[in-house]
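Chemist: show me the folded form of this:
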Amino acid sequence: MKVRLLTPEQAALLAGQIFKDGQFFNPMQDANGNYILSLQEAHQCENEAFDWVKDLPEIPFAAPPFLLPNE
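Modeler: Purely as a prediction, here's the structure:
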């Protein structure tokens, strides 16, 4: 699976901003500490102020390890 790579500043700028019909950007960090955005969010962006997300570099998604809560 591929995702779009963000800088920390870009991630902070996008967090909580609307990209389409009440849908909000949700940048997050992958297992390597990269700030990322889903391809769906980037491709579906209709907010012209954030059209630049469509041109961000694509990288492979590094899933964080799944941790079980301590019992």
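Chemist: contacts, neighbours, all on C-alpha from now
Modeler: Noted.
Chemist: just the helices in this protein please.
Modeler: Using DSSP state H, the helices of the chain run over 8-14, 39-44.
Chemist: of these, which is nearest Val53?
Modeler: For those, proximity to Val53 was assessed by CA to CA; helix 39-44 is nearest, at 5.4 Å.
Chemist: list the buried residues of the closest one.
Modeler: For helix 39-44, the neighbour count (16 or more other CA atoms under 10 Å) marks Leu39, Glu41, Ala42 as buried.
Chemist: in CSV: the helices of the chain, plus distance to Ala31.
Modeler: CSV is the format used below for those (distance: least, CA to CA, whole Å):
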stretch, distance to Ala31
helix 8-14, 15
helix 39-44, 17
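Chemist: TSV for the ones you listed, including distance to Met1 and mean pLDDT?
Modeler: Listed next are the helices of the chain as TSV, based on distance: least, CA to CA, whole Å; pLDDT from 0 to 100:
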stretch	distance to Met1	mean pLDDT
helix 8-14	20	98
helix 39-44	9	97
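Chemist: out of these, which comes closest to Lys2?
Modeler: Proximity to Lys2 (CA to CA) singles out helix 39-44 among the helices of the chain, at 7.0 Å.
Chemist: name the residues that touch the closest one?
Modeler: Contacts with helix 39-44, where a contact means CA atoms under 8 Å, 6 or more residues apart in numbering, come from Lys2, Val3, Arg4, Phe19, Lys20, Phe25, Val53, Lys54.
Chemist: check stretch 25-33 too.
Modeler: Residues outside stretch 25-33 that contact it (CA under 8 Å, 6+ apart): 11, 14-19, 35-38, 41, 61-65.
Chemist: which of those residues fall within strands?
Modeler: Counted as lying in strands by DSSP state E, out of these, are Ile18, Phe19, Tyr35, Ile36, Leu37, Ser38.
Chemist: the last one and Leu13, how far apart?
Modeler: Separation of Ser38 from Leu13 (CA to CA, to the nearest Å) stands at 15 Å.
Chemist: and for Asp30, the neighbour number?
Modeler: When neighbours are defined as other CA atoms under 10 Å, Asp30 has 18 of them.
Chemist: that one and Pro64: what is the separation?
Modeler: 6 Å.
Chemist: so where's the protein uncertain?
Modeler: Regions of the chain meeting the criterion pLDDT under 70 cover residues 67, 71.
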